[in-house]
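S.K.: Okay, sequence plus prediction incoming.
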Amino acid sequence: MTRTQGTPYVVGKGAGKISDANRLGLDYRVEAGRLPWRGAIWDVHTHIRDVAAGRVYFQAAEWFGLERVWSMSPLEEVDALRAEFGERIQFIAVPNYYAEDWEEAMGRDWLRRIEGFAAKGVKVCKFWGAPRGLDKTAKMWLDSPTRLESMRLARSLGMTFMVHVADPDTWFATKYADARKYGSKGLHYEKFERLLDQFSDVPWLAAHMAGHPEDLDHLQGLLERHGNLYLDTSATKWMVRELSKRADEFGDFCRRNPGRILFGTDIVAEQGSMSLDLFASRFWCLRALLETRYDGPSPVVDPDLAMVDPKQPKDATAHLRGAGLEEAVLGDLYLRAAEGLRGFGQA
């Protein structure tokens, strides 16, 4: 038994099917009912590719109390998704990541798509700046002339910005070891801070705890220097691995920054990735991390563990230690922060 603010929390005895999304054999539907939070939750960071995938996502979402979701869906799927799911789904403008010609996809086609999303009432625009994008084109640097042109267009259309900055420390130690190509992690933040100043009239929601859950002091400095910056909790394996190491510090960080941290999962719902357990595992892990004092293995396989330490088995899972946030803090994180942020809760 574990506790969150005095509320008992019991992990069930493995009634589910063992998989990489469920190494503990949990019955996620039952576990959802054992979590303490009973209010509404908004997920501000998902990728629902089409209606079929959305149906599976929303089945898991309903178990865990998700009332509304913001999805980075293809422009061509927006009308069908909206017809199927109504106001439960809102959208974030994204480029065509499936294009063969990334120069065009991040250039003229992206400008057309921003205008197309805006014409459909979409109020948030995503700027993806993961270093691996540099394998495609140098236009993926967040401050490249092409990106600046698209940011100016999105700003002129009244859009709020979502941004992906950097990537896990584990990746900079492995995948991005070639700093001549990918830059240092610090360089990505230098560029990002200049953009926060350049577009200081625009709210920025930085995905994945602004790409740096490993260093909450750095994040605190970013928030204090830039009043237009907000963070989301998306990328479950990454958040579990890093925030569990500093659960008490993370709890203090959330209390210190009410209204600046939003709940997001980064669930990718698409053909070939439409598993109830997969989606439910992300909801359960993040909610357990935030709401409970669970102290045990995560049910989700984390490939980064073996990437950094080859002695780790391929199906290793991280340790999950919950922050046990109070009800008022959870209310901010799950709902009120999004309600107050332009493009999510405010027009």
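M.R.: Cool, the structure landed. These numbers were taken from a predicted model, which means no experiment stands behind them.
S.K.: What's the per-residue pLDDT of residue 338 here?
M.R.: Predicted confidence (pLDDT) for residue 338: 98.
S.K.: was I right about it contacting residue 262?
M.R.: Yes - at 5.1 Å, residue 338 counts as touching residue 262 under the criterion of CB atoms under 8 Å. (Each C-beta comes from the backbone N, C-alpha and C, glycine too.)
S.K.: what sits in contact with each of these two?
M.R.: Listed as contacting both residue 338 and residue 262 by CB atoms under 8 Å, 6 or more residues apart in numbering are 42, 44, 344.
S.K.: Relative to the helix or strand hosting the second one, what are the paired strands and their orientations?
M.R.: Assigned by DSSP states H and E, residue 44 falls within strand 41-48. Using DSSP bridges, the strands paired with strand 41-48 are strand 66-71 (parallel), strand 267-269 (parallel).
S.K.: Make JSON lines from those and add mean neighbour count and mean pLDDT to it.
M.R.: Shown next, in JSON lines, are these (neighbours: other CB atoms under 10 Å; pLDDT from 0 to 100):
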{"stretch": "strand 66-71", "mean neighbour count": "22", "mean pLDDT": "98"}
{"stretch": "strand 267-269", "mean neighbour count": "23", "mean pLDDT": "97"}
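S.K.: Touching the very next helix or strand once past the strand holding residue 44 from outside, list them.
M.R.: For strand 41-48, the following helix or strand on the C-terminal side (DSSP H and E) is helix 51-63. By CB under 8 Å, 6+ apart, the residues outside helix 51-63 that reach it are 28-29, 32, 43, 46, 48, 66, 69, 71, 77, 80-81, 84-85, 88-89, 267, 269-271, 273-276, 279-280, 283.
S.K.: Out of the residues you listed, list just those in strands.
M.R.: Residues of the contacts of helix 51-63 located in strands (DSSP state E): 43, 46, 48, 66, 69, 71, 89, 267, 269.
S.K.: And the residue nearest the centre of this protein?
M.R.: residue 234 (2.3 Å; CA atoms, centre = their mean).
S.K.: Who are the contact partners of it?
M.R.: Residue 234 touches 44-45, 207-208, 264-266, counting by CB under 8 Å, 6+ apart.
S.K.: repeat for residue 29
M.R.: Counted by CB under 8 Å, 6+ apart, residue 29 has contacts 63, 280.
S.K.: what about 6 Å?
M.R.: Contacts of residue 29 were listed using CB atoms under 6 Å, 6 or more residues apart in numbering, and they are residue 63.
S.K.: pLDDT below threshold where in the stretch 201-347 of the chain?
M.R.: Low-confidence segments of the stretch 201-347 of the chain (pLDDT under 70): 347.
S.K.: Quick check: the gap between the residue nearest to the centre of the chain and residue 148.
M.R.: Residue 234 is 25 Å from residue 148, where distance means CB to CB, to the nearest Å.
S.K.: now swap in residue 311 and tell me
M.R.: From residue 311 to residue 148 the distance is 45 Å (CB to CB).
S.K.: between these two, which one's more packed in?
M.R.: residue 148 (14 against 7; other CB atoms under 10 Å).
S.K.: For my notes, confirm the more buried one occurs in a helix.
M.R.: Yes - under DSSP: H, G, I helix; E, B strand; the rest coil, residue 148 sits within a helix.
S.K.: Can you give me the pLDDT of it?
M.R.: Looking at residue 148, the pLDDT reads 97.
S.K.: Neighbours of residue 23, how many?
M.R.: Quick note: residue 23 (other CB under 10 Å) scores 18 neighbours.
S.K.: ok, now how distant is it from residue 319?
M.R.: Relative to residue 319, and taking CB to CB, residue 23 is found at 13 Å.
S.K.: now residue 200
M.R.: In terms of CB to CB, residue 200 sits 39 Å off from residue 319.
S.K.: Over to residue 254?
M.R.: From residue 254 to residue 319 the distance is 20 Å (CB to CB).
S.K.: out of these two, which sits in the more crowded spot?
M.R.: The neighbour count for residue 254 versus residue 319, taken as other CB under 10 Å, is higher for residue 254 (21 against 12).
S.K.: A strand includes that one, no?
M.R.: No - under three-state DSSP, residue 254 falls outside any strand and is assigned helix.
S.K.: Pull the contacting residues for it.
M.R.: 261, 325, 329.
S.K.: Also residue 24?
M.R.: Counting by CB under 6 Å, 6+ apart, the residues that residue 24 touches are residue 299.
S.K.: Assign a three-state SS to it, would you?
M.R.: At residue 24 the chain is in coil, as set by three-state DSSP.
S.K.: What are the phi and psi values at it?
M.R.: phi -90, psi 0 (degrees, to the nearest 10).
S.K.: likewise residue 229?
M.R.: Dihedral angles (degrees, to the nearest 10) for residue 229: phi -100, psi 140.
S.K.: The nearest residue to it once chain neighbours are set aside bridge partners, please.
M.R.: Nearest residue to residue 229, sequence neighbours excluded (CB to CB, 6 or more residues apart in numbering): residue 204, at 5.3 Å. Beta-bridge partners for residue 204, by DSSP bridges, are residue 161, residue 229.
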